[in-house]
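Chemist: make a model of this:
(chains A and B)
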Amino acid sequence: MGTTKQHHVTIKGMKDGLVFLLDDTCEFTALIQDLQYKLEHSHQNILTGPIMHVDVKLGARAISDAEKEEILNILKQKGNLLIRSIESDETEIASVSENDMKIMTGVVRSGQVLHHVGNLLFLGDVNPGGTVNCTGDIYVMGSLRGMAHAGIEGNVDAIIAASYFSPTQLRIADVISRPPDEWEIKESNMEFAYLQEGHMQIDKIQNIARLRKDTHIFKGV
Amino acid sequence: MGEAIVVTSGKGGVGKTTTSANLGTALALLGRKVCMVDTDIGLRNLDVVMGLENRIIYDLCDVADGRCRLNQALVKDKRFEELYLLPAAQTKDKNAISPEQVRDIILELKKEFEYVIIDCPAGIEQGFKNAIAGADQAIVVTTPENAAVRDADRIIGLLENSHIESPKLVINRIRQNMVKSGEMLDIDEIIQVLAIDLIGIVPDDEHVIKAANSGEPTVMNPDSRAAIAYRNIARRIVGDTVPLMLLDGKPGMFKRMKKFFGMG
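Modeler: Take a look at the predicted model:
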């Protein structure tokens, strides 16, 4: 024994296979060592025999493709293990990307779709017939004349802002809204759209701090 | 080696064929050697507008399929020695020819002519792909209507993703009195949306309809305002600096146009 004092890998038997619970707080190398040890020594008995389905749960650990490959290779050494899934709890990854802002330039013309995972700062125009889709917020430095859909995966806190705010249609999460039936464009001001109790609201960009208590508010001295 | 310019718009009926015919003729007026190519297979019109319909023997598809030599299919204009038309086939459709075949034919024409003006069919399908295949440059024609501007925007997007760089814009059929009263889109507005360089504006002119029906391009008639506009565009194509035509004395716009052509 002696090689692993701590247990980073927990193997649980379920009725339709095995679940590998991998610790998400330790070093990745320690995790790999423990995984290797368990497969080759302590749990050898369970791991030989009929074909088993395996689900790997990574917890909050975010792994690269190479690391994923490493885990898969170790598990593949045992011929009777069939890897069904490798899951990691995405919440931490999402919160990491919350303040990330991708900057793109150009013109989204009629018939073109700009899709982005995360928040987007777009320097240029979105023309009528053009579409911007984002899982997070959309900020257009230019004219928004086409369609913008923020929070496409259901994030109701997402917002859409534009220097010149004249969209054909706006969508945040599942809410669809169009001017001028549902809100008026005041123009000349940079504005943004957000959801309040499921209804689209438009406000001047200066008032964004009232909505976004969590953003880095500049207070001055 | 000459230059191949495709005239396109997306939407139908905005004046692609009229623009092609007039630009081709205007370039010939400037003493250039020009060939116009109609790629609107099945719905050819350029020959009618040029008044050359009855002189057609072979067409684009005949050349592509090797039924004749390229020179045999070229129709010489009745007014100019160095203006030719390569007509489209009327009995086939857009799929009768491939972009590669068109590109080869245009390449061949560029060896002999200074300018090759390609008249593109409406739409974004095969016909459009055929038309742009051999072109070095593009002129996008639009009218001051939302639908035309929308389609022009789509076309510009497609052109920007092709081998053709920075297409130029022609705004056709402007009625200044309607623009003034706000019933028609403003030129500035259109340029703002499309965000490409303007190469000319053409006022709405009854002469154009009359001319098209008589098979005599408008550009031949110096009394027509549209003719002057087309001549100006042709001069800009050959590299002259020509101020934009004044539709009325709106100074803001004129200043803008001057800037577009490097005079500001």
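Chemist: quick one: the residue lying closest to A:His115 once chain neighbours are set aside from A:Met147, how far?
Modeler: Closest residue in space to A:His115, ignoring its immediate chain neighbours: A:Asn133 at 4.6 Å, by C-beta to C-beta, 6 or more residues apart in numbering or on different chains. (Each C-beta comes from the backbone N, C-alpha and C, glycine too.) Counting by C-beta to C-beta, to the nearest Å, the separation of A:Asn133 from A:Met147 is 9 Å.
Chemist: please apply the same query to B:Asn130.
Modeler: 31 Å.
Chemist: the helix or strand of chain A with the lowest mean pLDDT: what's the following helix or strand?
Modeler: None of the helices or strands of chain A scores lower by mean pLDDT, DSSP states H and E than helix A:91-97, at a mean of 48. Tracing the chain past helix A:91-97, the next element assigned as helix or strand by DSSP states H and E is strand A:101-108.
Chemist: ok now that following strand, how far from the chain's centre?
Modeler: The gap between where strand A:101-108 is centred and where its chain is centred comes out at 19 Å by C-alpha atoms, centre = their mean, to the nearest Å.
Chemist: and stretch A:15-31, by the same measure?
Modeler: 22 Å.
Chemist: could you do stretch A:24-37 as well?
Modeler: Here stretch A:24-37 shows a centroid-to-chain-centroid distance of 25 Å under the convention C-alpha atoms, centre = their mean.
Chemist: using CSV, list the CA coordinates for it.
Modeler: As requested, the backbone C-alpha atoms of stretch A:24-37 are provided in CSV (Å, rounded to 0.1, in the frame of the first residue of the first chain):
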residue,chain,number,x,y,z
ASP,A,24,-12.4,17.9,-7.5
THR,A,25,-10.2,19.5,-4.8
CYS,A,26,-6.9,17.6,-5.2
GLU,A,27,-4.2,17.8,-7.9
PHE,A,28,-5.0,16.2,-11.1
THR,A,29,-1.8,14.0,-11.0
ALA,A,30,-2.8,12.7,-7.5
LEU,A,31,-6.2,11.9,-8.9
ILE,A,32,-4.7,9.9,-11.8
GLN,A,33,-2.3,8.1,-9.4
ASP,A,34,-5.2,7.0,-7.2
LEU,A,35,-7.3,6.0,-10.1
GLN,A,36,-4.5,3.8,-11.5
TYR,A,37,-3.9,2.3,-8.0
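Chemist: which residues are in contact with both of A:Asn133 and A:Met147?
Modeler: Taking C-beta atoms under 8 Å, 6 or more residues apart in numbering or on different chains as the contact definition, A:Asn133 and A:Met147 share no neighbouring residue.
Chemist: quick one: the strands in chain B?
Modeler: B:3-8, B:34-38, B:75-76, B:83-86, B:115-119, B:137-142, B:168-174, B:197-203 (DSSP state E).
Chemist: so for chain A, which of those sits nearest?
Modeler: strand B:137-142 (11.5 Å; C-beta to the nearest C-beta).
Chemist: angle of that closest one against strand B:168-174?
Modeler: 30 degrees (axes from the mean of the first three to the mean of the last three C-alpha atoms, to 10 degrees).
Chemist: residues in contact with strand B:137-142?
Modeler: Around strand B:137-142, the neighbours that count as contacts under C-beta under 8 Å, 6+ apart are B:3-9, B:11, B:14-16, B:19, B:23, B:132, B:148-149, B:151-152, B:155-156, B:159, B:164-165, B:167-172, B:190, B:194, B:196, B:199.
Chemist: quick one: mean pLDDT over that strand.
Modeler: Confidence for strand B:137-142, expressed as mean pLDDT, is 97.
Chemist: count of residues packed around the residue of chain A found nearest chain B?
Modeler: Among the residues of chain A, A:Arg109 lies closest to chain B, at 3.5 Å counting by C-beta to the nearest C-beta. Burial of A:Arg109 is recorded as 27 neighbouring residues (other C-beta atoms under 10 Å in any protein chain shown).
Chemist: got a list of what the closest residue to it other than its chain neighbours touches?
Modeler: Distances taken as C-beta to C-beta, 6+ apart place B:Gly157 nearest to A:Arg109, at 3.5 Å, with adjacent residues excluded. In this structure, B:Gly157 makes contact with A:Val107, A:Arg109, A:Ser110, A:Gly111, A:Gln112, judged by C-beta under 8 Å, 6+ apart.
Chemist: recalculate using a threshold of 7 Å.
Modeler: Residues in contact with B:Gly157 (C-beta atoms under 7 Å, 6 or more residues apart in numbering or on different chains) are A:Arg109, A:Ser110, A:Gly111, A:Gln112.
Chemist: in a markdown table, list the strands of chain B along with mean neighbour count and distance to B:Met220.
Modeler: Below are the strands of chain B laid out as a markdown table (neighbours: other C-beta atoms under 10 Å in any protein chain shown; distance: least, C-beta to C-beta, whole Å):
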| stretch | mean neighbour count | distance to B:Met220 |
| --- | --- | --- |
| strand B:3-8 | 25 | 19 |
| strand B:34-38 | 28 | 14 |
| strand B:75-76 | 18 | 16 |
| strand B:83-86 | 26 | 12 |
| strand B:115-119 | 28 | 16 |
| strand B:137-142 | 25 | 20 |
| strand B:168-174 | 23 | 18 |
| strand B:197-203 | 21 | 15 |
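Chemist: closest one to B:Ile56 among these?
Modeler: In this view, those are compared for proximity to B:Ile56 by C-beta to C-beta, and strand B:75-76 is the closest at 5.9 Å.
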